[in-house]
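> pasting the sequence and the predicted coordinates here, then a few questions.
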Amino acid sequence: MSRLGAAVSGGHSYPKTLEVMEKANGAFVDFIWSTVGDSGQMGSDVSLAYQYLLSGGAAAYFQRRIAALLTTTMLSKMPLPQVGPVRDTLQDINTGIVDYVAGSFGQLARFSYQTSLTYDTAGGIADYMNGPTVAQFKQEQMDEPPNDMSLIFGHTHKPFEDRLALDAYPNAVGVVNTGGWVLDTTLLATVEGASAVFIDDDLNVGVLKLFAPPANGETIPVSVSGFDGPGTENPMVDKLKSALAATQEQWDKVAEVAAETYTAKQTHIIKLLEAADAEARRKEALL
């Protein structure tokens, strides 16, 4: 919404402070991700359509169905010849339009299931850190950003740790994504999962990688990592490794349950889409 507002007003793409950014975007995020889910049958239909658009072949089939409905509607409402070539041309046009819109949606960072940090997301982080975050430091009476900086965030459901070289900071910024707790696609071969991030009194950051989808049927074990690379001294990472080693058996059980739950959720999603498909065919509807 910040970018949309800037495009309308001709201003910069990001507000000057984090406070303004939150005010500009918070209500929109709350509306999309919370209110729609409370909208009765419409909310259920939106959720199901969303599920289709995340699910490979189901997405392609759903898009063709939308294009066909648009074609039928246009032929019934517009003074066009009811002949095969006209219908075929309209279908091709509508298919292209739907593919462009839904395809752009599917290319959002959230749905790039094989890439932890997309090029666009890295650019967004750079804009956020170099712009409003630096402004916030100055607002807090700090002339320069700290020498050692870490950014911890969530969403996108894809946990990772890395460092990014950003213009406004003297050293590369540590970047950690906590991931999420959900599977919303029929795919298991993804970089999704969840991590718990620990910060000690000296602001050292350690990451406990809790679980990830099973790879080729193999359970991914719980592990510890950081963004500083091997050989770098990090007391928080060392403490986590010691704690994990002392309780490895219990964490192995967590990993096994997570793998079983991922597989069960995948089966549930497939059945949900199959049932919705059968009902849509019966009613000659989209959903």
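Ah, there it is.
> shaky segments in the stretch 51-200 of the chain?
Applying pLDDT under 70 to the stretch 51-200 of the chain flags the ranges 51-60, 100-111.
> all helices for it, in order.
For the stretch 51-200 of the chain, the helices defined by DSSP state H, counting those that start in this stretch cover 57-77, 84-106, 119-128, 134-139.
> can you redo the ones you listed as CSV with mean neighbour count and distance to D277?
The way it works is simple: take the backbone N, C-alpha and C, and place the C-beta from them, glycine included. Compiled in CSV, the helices of the stretch 51-200 of the chain are given as follows (neighbours: other CB atoms under 10 Å; distance: least, CB to CB, whole Å):
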stretch, mean neighbour count, distance to D277
helix 57-77, 16, 8
helix 84-106, 14, 17
helix 119-128, 15, 32
helix 134-139, 16, 49
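> out of those, which is closest to A245?
helix 119-128 (33.0 Å; CB to CB).
> show me what the closest one is packed up against.
The helices and strands touching helix 119-128, judged by 3 or more CB pairs under 8 Å, 6 or more residues apart in numbering; DSSP states H and E, are strand 160-164.
> do that again at 10 Å, thanks
Counting contacts by 3 or more CB pairs under 10 Å, 6 or more residues apart in numbering; DSSP states H and E, helix 119-128 is packed against helix 2-9, strand 150-153, strand 160-164, strand 173-177.
> could you check the angle that helix makes with strand 160-164?
Interaxial angle of helix 119-128 relative to strand 160-164 (axes from the mean of the first three to the mean of the last three CA atoms, to 10 degrees): 60 degrees.
> just how off-centre is stretch 159-167 within its chain?
With CA atoms, centre = their mean, to the nearest Å as the basis, stretch 159-167 stands 17 Å off its chain's centre.
> in that stretch, which residues are buried?
Of the residues in stretch 159-167, 159-161, 164, 166 count as buried by neighbour count, 16 or more other CB atoms under 10 Å.
> identify, from these, the entry nearest to S116.
Closest approach to S116 among those (CB to CB): F160, at 3.8 Å.
> which ones are touching the closest one?
115-117, 175-179, 191, 193, 195, 207, 209, 225, 227 (CB atoms under 10 Å, 6 or more residues apart in numbering).
> which other helices and strands contact the longest helix seen in the chain?
Determined from DSSP state H, the single longest helix within the chain is helix 248-283. Judged by 3+ CB pairs under 10 Å, 6+ apart, helix 248-283 is in contact with helix 40-53, helix 57-77, strand 205-211, helix 235-246.
> list the buried residues in that helix.
In helix 248-283, counting by 16+ other CB under 10 Å, buried: 251, 255, 258-259, 262, 265-266, 269, 272-273, 276-277, 280.
> and of those residues, the nearest to N171?
Of all the buried residues of helix 248-283, W251 has the smallest distance to N171: 32.7 Å, by CB to CB.
> pretty sure that closest one is touching K241, no?
No. In this structure W251 lies outside contact range of K241 using CB atoms under 10 Å: 11.9 Å.
> who touches both of those two?
Common contacts of W251 and K241, defined by CB under 10 Å, 6+ apart, comprise 208, 223.
> how about the residue located most distally from the centre of the chain, what does it touch?
Ranked by distance from the centre of the chain (CA atoms, centre = their mean), the top residue is P81, with 44.2 Å. The contact partners of P81, by CB under 10 Å, 6+ apart, come to 75, 87.
> quick check: it vs T178, distance?
As judged by CB to CB, to the nearest Å, P81 and T178 stand 57 Å apart.
> repeat for F153
Relative to T178, and taking CB to CB, F153 is found at 7 Å.
> thank you, goodbye.
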